[in-house]
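Q: Sharing a model that was predicted from the sequence below.
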Amino acid sequence: MLLLGLLLLTALAGARLLWNKWKYRSLHLPPLAPGFLHLLQPDLPIYLLGLTQKLGPVYRLRLGLQDVVVLNSKRTIEEALIRRWVDFAGRPQMPSYKLVSQPYQDLSLGDYSLLWKAHKKLTRSALLLGIRNSMEPLVEQLTQEFCERMRAQAGTPVAIQKEFSFLTCSIICCLTFGDKVKEDTLVHAFHDCVQDLMKSWEHWFIQVLDIVPFLRFFPNPGLRRLKQALENRDRIVEKQLRQHKDSMVAGQWRDMTDYMLQGMGKPRAEKGHGRLLEGHVHMSVVDLFIGGTETTATTLSWAVAFLLHHPEIQQRLQEELDCELGPGASGSRVPLKDPARLPLLTATIAEVLRLRPVVPLALPHRTTRHSSILGYDIPEGTVVIPNLQGAHLDDTVWEQPHEFRPDRFLVPGTRPRVLAFGCGARVCLGEPLARLELFVVLARLLHAFTLLPPTGPLPSLRPRSHCGINLTMQPFQVRLGPRGAVAPGLSQHQ
């Protein structure tokens, strides 16, 4: 199937190239990179950044049957997504997106429209207003419980990525469905569902459909597995929605689902956008789980890996935490309202997000009308890829950009914006929650434990060569040494 697809792709790409040359003959388009198999390159964000040496920060390349525009600098990304946000707010409707979103478009993958704006407003309100009084206490509580579980494994190698994954899934479960879901059964069901769905969606059997759509008519075991994962996803979410509708009290909400179910029927300020239905709440829940579990867990894992390589930074962080929270694993509250009281921790999180933005190429945008970037014409309907990781490694903005140096964010007046969560109309809705989790979990973890490498080499800081949407890392283990108490057979200085 792959060989047939490549042969057909070559023929169609040639025909498409000739058509585009004629169609856009009068426009000043960005330069075109040669070739059309760019997706096969390992470390794709770094490869795309390398092309800027010859082509500049804005260029086109062929991905399958279409040309896409790649933005590789902070300046070009902000020009497109902030200053010209209306022009670049669309989302291409690729086969895999349509499959994952059926029958209602979700927020991450949905195209720009008035209905999409209303959907976004409802979900954002649920996150920032519906649970504003419970978010911080819940994250604190579940993180404390997480640290107690880790204390029971002190001194033994821990697969910390899996532990972070379950923690972030537990947080999303409780915020979305209420305290009643603290039972491990439901959390495990959602966790396994997200894992299976992401693994299925990122398989090359599915990714190739977005490049050569007609291959969906050929036998595809990956497509069958994805459909099964989607059916399981919808079954779990629908059950929770039914239970909420049966027990809901009008005018009161226990969690985000209650808030969204009661808010979907309220009149909106903008007319003509259509009506929000229960299916939109369904897809908001899906977005919260897909976008709010593995992404945050992966960022936490990268932070641990970097600190294992830089024990001097870890020691300074612990000194800062001891000064602010008191020595040892005390019960002092993390200063959530004033993160400036923990400046090094805030800077370390920013540096991890800069070096390892978990979605390094964001999700592709689509121009809603003719626009321009740096004087180049960008026609309506163009697919645009913001290379966030490339922008974070721009040596015209960042000094020694490949080095892990949290102190760069401690210098007053020299703090460029980190784009890890995107920007503009498509900025990640879960950014406030993700930043809260990163701050609380790392503060509690480093206050209670010293991160120690297991026997053998340190974890690799290189991402997996051929990753999907997320910038994943090689699995690794860490030993957690309780601070102020040494586990049997474990030295704090090992």
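A: That came through fine.

Q: need the helix or strand of the protein with the lowest average pLDDT.
A: For the chain, scoring each helix and strand by mean pLDDT, DSSP states H and E identifies helix 2-23 as the least confident one, at a mean of 58.

Q: Now do the buried residues in the helix or strand just after that helix.
A: Using DSSP states H and E, the helix or strand that directly follows helix 2-23 along the chain is helix 44-50. Buried residues in helix 44-50, counted by 16 or more other C-beta atoms under 10 Å: L44, P45, I46, L48, L49. The C-beta positions use only the backbone N, C-alpha and C, and glycine is treated the same way.

Q: what sits against P92?
A: Going by C-beta atoms under 8 Å, 6 or more residues apart in numbering, P92 touches P364, H365, R366, V383.

Q: List phi and psi for it.
A: phi -60, psi 140 (degrees, to the nearest 10).

Q: Could you export the buried residues of helix 44-50 as TSV, including pLDDT?
A: Shown next, in TSV, are these (pLDDT from 0 to 100):
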residue	pLDDT
L44	90
P45	92
I46	92
L48	94
L49	94
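
Q: ok, those vs P34, which is closest?
A: L48 (13.9 Å; C-beta to C-beta).

Q: Would you agree E79 falls within a helix?
A: Yes - counting by DSSP: H, G, I helix; E, B strand; the rest coil, E79 falls inside a helix.

Q: how near is it to N232?
A: 42 Å (C-beta to C-beta, to the nearest Å).

Q: my guess is F146 contacts L167, does it?
A: Yes - the pair F146 / L167 is scored as a contact, 4.9 Å apart, by C-beta atoms under 8 Å.

Q: overlap in contacts of those two?
A: Residues touching both F146 and L167 (C-beta under 8 Å, 6+ apart) are V441.

Q: Show me the shaky parts of the stretch 201-350 of the chain.
A: Along the stretch 201-350 of the chain, segments meeting pLDDT under 70 span 212-217, 266-273, 328-331.

Q: now the helices for it?
A: Using DSSP state H, counting those that start in this stretch, the helices of the stretch 201-350 of the chain run over 204-211, 221-247, 256-263, 278-292, 294-309, 311-325, 343-355.

Q: can I get the ones you listed in CSV with mean neighbour count?
A: Shown next, in CSV, are these (neighbours: other C-beta atoms under 10 Å):
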stretch, mean neighbour count
helix 204-211, 19
helix 221-247, 15
helix 256-263, 22
helix 278-292, 22
helix 294-309, 23
helix 311-325, 17
helix 343-355, 22
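
Q: can you put these in CSV and add distance to A154?
A: Shown next, in CSV, are the helices of the stretch 201-350 of the chain (distance: least, C-beta to C-beta, whole Å):
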stretch, distance to A154
helix 204-211, 40
helix 221-247, 34
helix 256-263, 35
helix 278-292, 28
helix 294-309, 15
helix 311-325, 16
helix 343-355, 22
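
Q: of these, which approaches A152 most closely?
A: The nearest among these, by C-beta to C-beta, is helix 294-309 at 18.4 Å.

Q: Which residues are in contact with the most centrally placed residue in the chain?
A: Central residue of the chain (C-alpha atoms, centre = their mean): T295, 4.4 Å from the mean position. Contact partners of T295, counting by C-beta under 8 Å, 6+ apart, are V358, V359, G430, A434, N470.
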